[in-house]
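In: starting from these lines, generate the structure:
(2 chains)
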Amino acid sequence: MTWVIHILNGVAFGMLLFLLAAGLSLIYGLMRILNLTHGSFYLVGGYIGLSVMQVTGSFVLALIAAVAAIALLGAVIERFFLRRFHLDELPQTLLTFGFLFIFSDLSLWIWGGDPLMLNVPRLFQGSVPMGYYSYPYYRLFLIAVGLLVALGLWWFQERTRLGTMLRAGVDDAEIARALGINVSLLFTLIFAVGAGLAAFAGVLAGPVLSLYPGADFEVLIFAFVVVIVGGLGSLRGALAGALLVGILDDFGKAFFPQFALFTVFVPMAVILVLRPTGLFGRQ
Amino acid sequence: MTARLLAIAGAIAALLLLAALPAFMREYSVALATKMLIFALFAMSLDLLLGYTGLASLGHAAYFGVAAYTVALLVVRAGVSSGLAFPAALAAAAVTGAVFAPLALRARGSYFLMITFALAQVVWSVAFGWRTLTNGDDGMPNVVRPNFGFSLDNTAAFYYFTLAVVAVATLLLVGIVTSPFGRALRGIRESESRMQALGFNVWRYQYVAFVLSATFAGIAGALYAYYNRFVGPEYLYVIQSAEALIMVILGGAGTLIGPAVGAGLIVFLEDFISSMTEHWVLVLGVIYVLVTLFAPRGLSGLVNDLRRLRSAK
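Out: Take a look at the predicted model:
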């Protein structure tokens, strides 16, 4: 039974990672930007959600406000800053790293240095009995939400007109532009969606992982690992990578506490050596 | 020819100026200048790979940290004399580079960046997790400085030692980038396929550049272990790697002087701004953004632009 619990924990964490990695991967796939500010989108989103929940008491409102605010922030960053350095890797790195620093310090200023916990929404308080153990409803809710988002993104990418444009842009942005697709708008939109997903993850993570200074760097590194394992630009890869990393991390912490992170990074290195573009990345 | 003479004269003047610094600076400033020199070397070592060979590594802290940990482990755990630990540290950095290079060189661009990042994180997780050997995140204190008949415990003495090591290393780096080998590296940076067509074994050049770059990073890492008399897993962490990358980009990739100045500037700014305000991270972030907007090719790119502007008049 402990195994089931560990796997569930790993999957729940994996779903949060998926939300982060999906955005990171979409943004890279379309614009070739390795967005280091992604960790800030997660943390600041979580903090905004926390503040909104303290004022209104509503978890749903917290989610909506955080996602909207961060999506807007992402759109602004893409349009007015990153846009100038299209396909120019080094300035992009410096820029997104600068924003990571800025938001990290601003959020320390506004929300302080102590870890803050969001309350578990009333609907999902308590836990399900499972033999000797019990399992919190909220984590099951996380797994369900992650699956729903994965399904939604898949539907968006494969079945909607915008998704078709996205796929065209990923394949060849120049040709897509020549075919009359508004690639410029698509860039901003996808960047906003990616940022919003990260904020969504931040709020959802609030009741489980808590929010604290430095969490932005930590989740960025985990999201990095996920896209490396899964392959940049692939949603399927992000999902597979996120589940693998989530489960490995939980088992590592439970069974090899000394080498907890080793259990994540070594499999990643092995996968890269065998497949440098990740499990589902294009060669 | 005159340009070359000017460069040599400039280098000698800079060296004399650096050598004179301790005479008219406070001890604190001398220590800060030492740190600036160490990171200047670290940034130049990365630039050999990024600026000259065209391979952006986000894992350079691995070689820096491996060398630092080699010094600490040999001195603290094995009781080896601190001076002897220095060549061992360089060897360890070189070997780490030689093992990681074939893995990283399977990919290019963002994937190269991510593989180097991943490999460095593996090393970090060992240093962080293997508490019985490395003390984990507590790090290892009591890394004594070497004694070559004279003590380096004095701040000025250690400054001169660092200056000498960094000067020699810089001379070697200049020799490397101006040699035919260095020219070939630049050719590879511009077009791998063309160099391949010209009969160059591109992979072998990149491999050697990678190992050399790791070794020079190792020199900086060993010096830093002496400097702090301490090593900790943050030496190996991705933030350290990212900082090196930022130093190179800020100074301007593809020159040696640019990254050295960029490194010195960042070390100085971190110290200076953090003494002025607790929000130094914010200020530093704003500086990064402004530099990107107004000097996307780094400071050396900015200088070139200004020069071109002036000669166009």
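
In: count the residues that sit near residue 37.
Out: Reading this off chain A. Neighbour count for A:Thr37, taken as other C-beta atoms under 10 Å in any protein chain shown: 28. Bear in mind the C-beta positions are built from the backbone N, C-alpha and C, glycine included.

In: meant chain B actually
Out: Residues lying near B:Leu37 (other C-beta under 10 Å) number 25.

In: OK, contacts around it?
Out: B:Leu37 makes contact with B:18, B:159, B:162-163, B:166, B:264 under the criterion C-beta atoms under 8 Å, 6 or more residues apart in numbering or on different chains.

In: what are the buried residues along the helix or strand hosting it?
Out: Using DSSP states H and E, B:Leu37 maps to helix B:27-47. Within helix B:27-47, the residues that qualify as buried are B:30-47, counting by 16 or more other C-beta atoms under 10 Å in any protein chain shown.

In: can I assume A:Asp216 is in contact with A:Ser104?
Out: Yes: assessed by C-beta atoms under 8 Å, A:Asp216 is found in contact with A:Ser104 at 5.6 Å.

In: for the two, list the residues in contact with both.
Out: Common contact partners of A:Asp216 and A:Ser104 (C-beta under 8 Å, 6+ apart): A:40, A:43.

In: on that earlier part again, between the contacts of B:Leu37, which sits nearest chain A?
Out: Within the contacts of B:Leu37, proximity to chain A (C-beta to the nearest C-beta) peaks at B:Gly264, which comes in at 17.2 Å.

In: who are the contact partners of the closest residue to that closest one other than its chain neighbours?
Out: Excluding the flanking residues, the one nearest B:Gly264 by C-beta to C-beta, 6 or more residues apart in numbering or on different chains is B:Met36, at 4.1 Å. Contacts of B:Met36 were listed using C-beta under 8 Å, 6+ apart, and they are B:263-264, B:267-268.

In: so which of those residues sit within helices?
Out: B:263-264, B:267-268 (DSSP state H).

In: by neighbours, which of these wins?
Out: In terms of neighbours by other C-beta under 10 Å, the ones in helices among the contacts of B:Met36 top out with B:Ala263 at 30 neighbours.

In: buried sites along the helix ranked longest in chain A?
Out: Longest helix in chain A, counting residues (DSSP H): helix A:2-31. Residues of helix A:2-31 classed as buried: A:5-31 (neighbour count, 16+ other C-beta under 10 Å).

In: more neighbours, A:Asp216 and A:Ser104?
Out: Neighbour count, other C-beta under 10 Å: between A:Asp216 and A:Ser104, A:Asp216 has more, with 27 against 23.

In: where does the more buried one sit, in terms of helix or strand?
Out: Using DSSP H and E, A:Asp216 falls within helix A:215-230.

In: so which residues of chain B form helices?
Out: Using DSSP H, the helices of chain B run over residues B:2-20, B:27-47, B:61-72, B:82-104, B:109-129, B:131-134, B:155-178, B:180-190, B:192-197, B:202-228, B:238-251, B:257-276, B:280-294, B:298-312.

In: circling back: do the longest helix of chain A and chain B meet?
Out: Yes: contact between helix A:2-31 and chain B, assessed by C-beta under 8 Å from any C-beta of the partner chain, occurs at A:Tyr28.

In: which helix or strand lies directly C-terminal to that helix?
Out: Sequence-wise, the next helix or strand downstream of helix A:2-31 (DSSP H and E) is helix A:38-56.

In: near chain B at all, that following helix?
Out: No: figure legend: helix A:38-56 not in contact with chain B (C-beta under 8 Å from any C-beta); closest approach 10.0 Å.

In: C-alpha coordinates for that helix, PDB please?
Out: The C-alpha coordinates for helix A:38-56 follow below in PDB (Å, rounded to 0.1, in the frame of the first residue of the first chain):
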ATOM      1  CA  HIS A  38       9.100  30.600 -16.100                       C
ATOM      2  CA  GLY A  39       9.900  29.900 -12.400                       C
ATOM      3  CA  SER A  40       8.900  33.500 -11.500                       C
ATOM      4  CA  PHE A  41       5.600  33.000 -13.300                       C
ATOM      5  CA  TYR A  42       4.900  30.000 -11.100                       C
ATOM      6  CA  LEU A  43       6.000  31.700  -7.800                       C
ATOM      7  CA  VAL A  44       4.500  35.100  -8.400                       C
ATOM      8  CA  GLY A  45       1.300  33.500  -9.700                       C
ATOM      9  CA  GLY A  46       1.100  31.400  -6.500                       C
ATOM     10  CA  TYR A  47       1.600  34.500  -4.400                       C
ATOM     11  CA  ILE A  48      -1.100  36.500  -6.200                       C
ATOM     12  CA  GLY A  49      -3.500  33.500  -5.800                       C
ATOM     13  CA  LEU A  50      -2.600  33.500  -2.100                       C
ATOM     14  CA  SER A  51      -3.400  37.200  -1.700                       C
ATOM     15  CA  VAL A  52      -6.600  37.000  -3.600                       C
ATOM     16  CA  MET A  53      -7.700  34.000  -1.500                       C
ATOM     17  CA  GLN A  54      -7.000  35.900   1.700                       C
ATOM     18  CA  VAL A  55      -9.200  38.700   0.600                       C
ATOM     19  CA  THR A  56     -12.000  36.900  -1.100                       C
END
